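Novice: Below are the sequence and a predicted model for it; my questions follow.
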Amino acid sequence: MDGQVAELTVERHNEFAWQVTCAGQHHQVLVWAHGAGSLLEVDGVAHRVDLDEGVAVRAGWPALVVSVAVAPGDEVEVGDPLVVVEAMKMESTIRATFAGTVTAVDVLPNGQVDAGAVLALIRPPADTTQALPPGAPTAERISFAGMALAETTAATPFERVYLALSSYLLGYELDPATLAGLLNEQRSFSSRDNAADRALLAAEDEFLDLFTEVGLLWQVDASQTGGVNAREYLLGYLQWLDPDRVGLPEVVRRRLVRALSRYGVTDLHRNPVLESAVVRLFTAQSRLARIAPVVAGILERRLRYRDRILPLMGRSARNRYDRITAATQRVGSELGIPALKYAMDFNGYFGGTPRSPLLPLTGEQRTEVESLLASVRN
């Protein structure tokens, strides 16, 4: 606020009660919805908050978004449908609880949402805000100066967060509270205000490159490794730390060199620096699933605000966005679960038989899925 940044750690005890830590001080907070805004009680003092950008409509439980009934700029009345979601094979319609203007829609059909995820923002009419009575004294403007973080680096918040998450992905340790704070801050980057921020795009690109390097290290096509799974080669290498003894294929060796260079390793034969690095690299593999939601959030944000982001991209990046969007629409929205399962198999992610009934794709449909994914594979 006012150009100042504060770092807060929020521990949720339940839906209404939080403990907020800021500037070394702990505060007990109660929060609940009230009309078109929220009521807060901070250490026993009551406050009312109304958001200019709109009030968030949130998912009450993890679900699949079936359809979206509104778009930014739409006027809604109490009870109007906003989003249809599905959970446990049951569909539910989330409706507006007050009248207003939709200022943002933050989900797409066929996307997964977690409990508490923002689905849309609705700004209530201006005349619903209670005005001060005539002659009432006006309070001083609130200052957050005591909560502001000291500037210890020239890095942007985007660079700071993604650098820390990159270190975590590479196997370095973070305490749970710090990691939770970083993930919360990273999710806050998905706002419309940040959509076309070049610093954010650059930080995301570097993080995506790292995630790809670590992930694809274990996803080499067996046809490029003499029919042997890349994981077997890598596990053998981690045991002996001798690429020649294990007989590492060239494609695996190249990817391993690139990944280990992140730790300052220049020689694949046993040495003290390598011994330390491979332990972290193995830890990094186990953290891919923990970090995957961050990557999914980045890609969803870029698809959601593609009209603002694409003008900043070169022709090749624009073409890639178009291909990804087309493939997502056709495979995810139109061909459905059988195509999604086949797409996973095509990309080498074998998740087993899906729980939903799998209706076979026709040969023509399988060929279409392969064609759509060929240029954006992995």
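Specialist: Received, thanks.
Novice: going forward, measure contacts and count neighbours with C-alpha atoms only.
Specialist: OK.
Novice: can you pull the contacts of Pro81?
Specialist: The contact partners of Pro81, taken as C-alpha atoms under 8 Å, 6 or more residues apart in numbering, are 69-70, 93-96.
Novice: Low-confidence regions, the stretch 201-350 of the chain specifically.
Specialist: By pLDDT under 70, the low-scoring segments of the stretch 201-350 of the chain are 218-228, 316-350.
Novice: Show me the strands in it, by range?
Specialist: With DSSP state E, counting those that start in this stretch, there are no strands along the stretch 201-350 of the chain.
Novice: Can you give the distance of the longest helix along the chain from its chain's centre?
Specialist: Longest helix of the chain, by residue count under DSSP state H: helix 198-216. Centre-to-centre, helix 198-216 and its host chain are 13 Å apart (C-alpha atoms, centre = their mean, to the nearest Å).
Novice: what does stretch 280-296 give?
Specialist: On the basis of C-alpha atoms, centre = their mean, stretch 280-296 sits 13 Å off its chain's mean C-alpha point.
Novice: Show me what counts as buried in it.
Specialist: 280-285, 287-288, 291, 294-295 (16 or more other C-alpha atoms under 10 Å).
Novice: same thing with stretch 109-122?
Specialist: Here stretch 109-122 shows 109-110, 113, 117-122 as buried, counting by 16+ other C-alpha under 10 Å.
Novice: again, but for stretch 190-200
Specialist: Neighbour-count burial for stretch 190-200 flags 190, 195-196, 200 (criterion: 16+ other C-alpha under 10 Å).
Novice: got the CA positions of that stretch in CSV?
Specialist: C-alpha atoms of stretch 190-200 as CSV (Å, rounded to 0.1, in the frame of the first residue of the first chain):
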residue,chain,number,x,y,z
SER,A,190,-2.1,-14.0,-10.7
SER,A,191,-4.0,-10.7,-10.4
ARG,A,192,-5.0,-8.8,-13.5
ASP,A,193,-2.7,-5.9,-12.5
ASN,A,194,0.4,-8.2,-13.0
ALA,A,195,-0.9,-9.8,-16.2
ALA,A,196,1.7,-8.1,-18.5
ASP,A,197,4.4,-7.3,-16.1
ARG,A,198,7.7,-8.0,-17.9
ALA,A,199,9.6,-8.7,-14.6
LEU,A,200,7.0,-11.3,-13.7
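Novice: May I have the secondary structure class of the closest residue to Val31 other than its chain neighbours?
Specialist: Spatial nearest neighbour of Val31, excluding adjacent residues (C-alpha to C-alpha, 6 or more residues apart in numbering): Leu40 at 4.6 Å. With DSSP: H, G, I helix; E, B strand; the rest coil as the basis, Leu40 sits in strand.
Novice: check contacts around Ser190.
Specialist: Ser190 makes contacts with 297-298, 301, as judged by C-alpha under 8 Å, 6+ apart.
Novice: Backbone torsions only: list them for it.
Specialist: Backbone geometry at Ser190, expressed as degrees, to the nearest 10, gives phi -80, psi 10.
Novice: let's have the chain start at 20 instead
Specialist: That works, and once the first residue is 20, the last one we named lands at Ser209.
Novice: any idea how far it is from Glu383?
Specialist: Distance, Ser209 to Glu383, using C-alpha to C-alpha, to the nearest Å: 38 Å.
Novice: swap in Arg320?
Specialist: According to C-alpha to C-alpha, Arg320 stands 32 Å off from Glu383.
Novice: More neighbours: these two, which one.
Specialist: The neighbour comparison of Arg320 against Glu383 (other C-alpha atoms under 10 Å) goes to Arg320, with 21 against 8.
Novice: got the contact list for that one?
Specialist: By C-alpha under 8 Å, 6+ apart, the contact set of Arg320 is 209, 214.
Novice: Look up how far Leu220 lies from it.
Specialist: Computed as C-alpha to C-alpha, the Arg320 to Leu220 distance reads 11 Å.
Novice: Likewise for Val68?
Specialist: Taking C-alpha to C-alpha as the measure, Val68 falls 31 Å from Leu220.
Novice: Those two: who's more crowded?
Specialist: Neighbours around Val68 and Leu220, counted as other C-alpha under 10 Å, are more numerous at Leu220. The numbers are 18 against 12.
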